[in-house]
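A.B. asks: Below: sequence and its predicted model.
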Amino acid sequence: MPMRNGGPFVREAVESLLDQGAVPLEVVIVDDGSTDGSPDTVRAIGDERVRLVPGPQRGNAAAAVNAGINAARGEYFLRCDADDRFTPGRVHRQVAWLADHPECVALCGAFEVVGPDGKLVSELHTGDEEADITEEMHGGITRTHLGTFCARMQAVRDIGGLRQYFVGTEDIDLQLRLASAGRIHYRPDNDYVYRLHEASSTHTQASNQREFLTQTARDFAVQRRDRPDGLDDLMRGDAPAVPEGTGRESRVNDQVQRLLLGKAWKEQRAGNRQAAMDSAWRGCLHRPFNADAWRQLAMISVKPVKARQVATSDRR
């Protein structure tokens with residue numbers, strides 16, 4: 001867990017890691033220069049499985065996570081940010097699965113998004129069926145969050161850990177490079193809870209930089225797949241320069257509203273009118289001066305529900 005001013009969320013995050021059933025584990029928390037008392041919050045948890053180690057204090061999550069990898073003694077690697085949390089029992093479940101499938105280097109799953117208050121915003125659709133996703137990752141496609149991954153530690157070390165070039169998108173790059181180490185499997189279990197809030201890196205990084213680095217990580221995956229030497233431009237020392245940050249930062253209320261309205265329409269198509277209305281209403285409250293949100297709420301309230309026909313169409 002990389003931590004830089006974990007604030008009001010870090011205790012909940014750490015406790016979720018400890019609530020994992022009968023599996024031996026260590027929680028390596030890398031304090032990367034916190035000034036808000038977060039280290040004291042961690043120490044107050046008082047669990048011998050928690051280790052607090054100093055970070056490089058570069059303000060770079062990749063460097064902080066690499067410090068944790070260097071300090072770790074376990075056989076498996078899982079990452080949790082200091083404002084997110086694991087679902088109960090997922091470590092035990094994933095480790096048991098990997099023990100039975102030595103041909104795979106990592107197992108990943110589904111995740112959900114909550115708001116700053118911890119209330120559910122959306123369960124993102126990452127796939128309803130089990131699947132080997134190695135080939136899609138070779139093509140630069142990611143379907144889930146790095147926080148859902150349980151990977152063999154040796155595989156993570158063999159590929160060199162996280163790359164600091166990918167500021168704010170190091171998680172996407174690591175997912176894609178893990179496919180170079182072996183097979184990746186997906187199961188549709190809900191493994192991770194991702195929290196949206198204004199202080200998260202997603203909402204403090206310029207959008208044009210995040211978009212550029214995300215696309216570059218995907219392009220690099222294709223390069224590694226298609227080139228005879230298996231090297232991407234960064235490995236060759238020829239990575240493109242990251243543009244200056246000029247894009248508008250993503251705002252949490254905007255993003256939460258979009259997710260809630262999307263969920264509302266999904267519930268409406270499924271014939272769940274009350275659930276659709278509840279989700280649309282919550283979406284309107286996140287940005288009450290957005291007239292389009294209220295228009296969508298009105299449409300959902302009057303649109304006829306034809307659950308049987310819609311369900312047939314969805315299957316088609």
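C.D. replies: Arrived safely, thanks for sending.
A.B. asks: Going along the chain, name the helices of the chain.
C.D. replies: Taking DSSP state H to define them, one finds helices in the chain at 10-18, 38-45, 61-71, 90-100, 134-138, 153-158, 170-178, 207-226, 252-269, 273-286, 291-302, 307-315.
A.B. asks: Most tightly packed of those?
C.D. replies: Highest mean neighbour count of those: helix 170-178, a mean of 24 (counted as mean count of other CB atoms under 10 Å). Where you see a C-beta, it was placed from the backbone N, CA and C, and this is true even at glycine.
A.B. asks: neighbouring contacts of it?
C.D. replies: 61-62, 65, 79, 105-106, 108, 137, 140, 142, 145-147, 149, 151, 155-156, 159, 161-164, 166, 184, 214, 217-218, 220-221, 224 (CB atoms under 8 Å, 6 or more residues apart in numbering).
A.B. asks: Got the phi and psi for Pro56?
C.D. replies: When read as degrees, to the nearest 10, the backbone of Pro56 gives phi -70, psi -10.
A.B. asks: how about low-confidence regions in the stretch 151-300 of the chain?
C.D. replies: Along the stretch 151-300 of the chain, segments meeting pLDDT under 70 span 199-205, 247-253, 255, 259, 263, 265, 286.
A.B. asks: and with 80 instead?
C.D. replies: By pLDDT under 80, the low-scoring segments of the stretch 151-300 of the chain are 197-205, 245-270, 275-276, 278-290, 293-294, 296-297, 300.
A.B. asks: longest strand anywhere in the chain?
C.D. replies: In the chain, taking DSSP state E as the definition, the longest strand is strand 183-195.
A.B. asks: what angle sits between that one and helix 170-178?
C.D. replies: 170 degrees (axes from the mean of the first three to the mean of the last three CA atoms, to 10 degrees).
A.B. asks: Now do the buried residues in strand 183-195.
C.D. replies: Along strand 183-195, these residues count as buried under the neighbour rule (16 or more other CB atoms under 10 Å): Arg183, Ile184, His185, Tyr186, Arg187, Asp189, Asp191, Tyr192, Val193, Tyr194, Arg195.
A.B. asks: Please apply the same query to stretch 71-89.
C.D. replies: Residues 72, 76-87 are the ones in stretch 71-89 that count as buried (16+ other CB under 10 Å).
A.B. asks: Which pair in these has the greatest spatial separation?
C.D. replies: Greatest spatial distance among the buried residues of stretch 71-89 (CB to CB): Tyr76 and Asp83, at 22.3 Å.
A.B. asks: ok so, going back, switch the helices of the chain over to TSV; also include distance to His125.
C.D. replies: Converted to TSV, the helices of the chain look like this (distance: least, CB to CB, whole Å):
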stretch	distance to His125
helix 10-18	23
helix 38-45	33
helix 61-71	26
helix 90-100	19
helix 134-138	15
helix 153-158	27
helix 170-178	18
helix 207-226	19
helix 252-269	9
helix 273-286	15
helix 291-302	19
helix 307-315	12
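A.B. asks: if we compare those helices, which one ends up closest to Asp233?
C.D. replies: helix 207-226 (6.5 Å).
A.B. asks: same for that closest one, what does it pack against?
C.D. replies: Using 3 or more CB pairs under 8 Å, 6 or more residues apart in numbering; DSSP states H and E, the elements in contact with helix 207-226 are helix 134-138, helix 170-178.
A.B. asks: tell me the contacts of the spatially most central residue of the chain?
C.D. replies: Per CA atoms, centre = their mean, the C-alpha nearest to the average position across the chain is that of His145, at 3.1 Å. Residues near His145 by CB under 8 Å, 6+ apart: Phe111, Asp171, Tyr192, Tyr194.
A.B. asks: from these, which is closest to Asp238?
C.D. replies: Taking the contacts of His145 together and measuring to Asp238 by CB to CB, the closest member is Asp171, at 23.1 Å.
A.B. asks: Would you check how far apart the residue nearest to Cys104 when sequence neighbours are not counted and Glu244 are?
C.D. replies: Nearest residue to Cys104, sequence neighbours excluded (CB to CB, 6 or more residues apart in numbering): Arg183, at 4.5 Å. As judged by CB to CB, to the nearest Å, Arg183 and Glu244 stand 39 Å apart.
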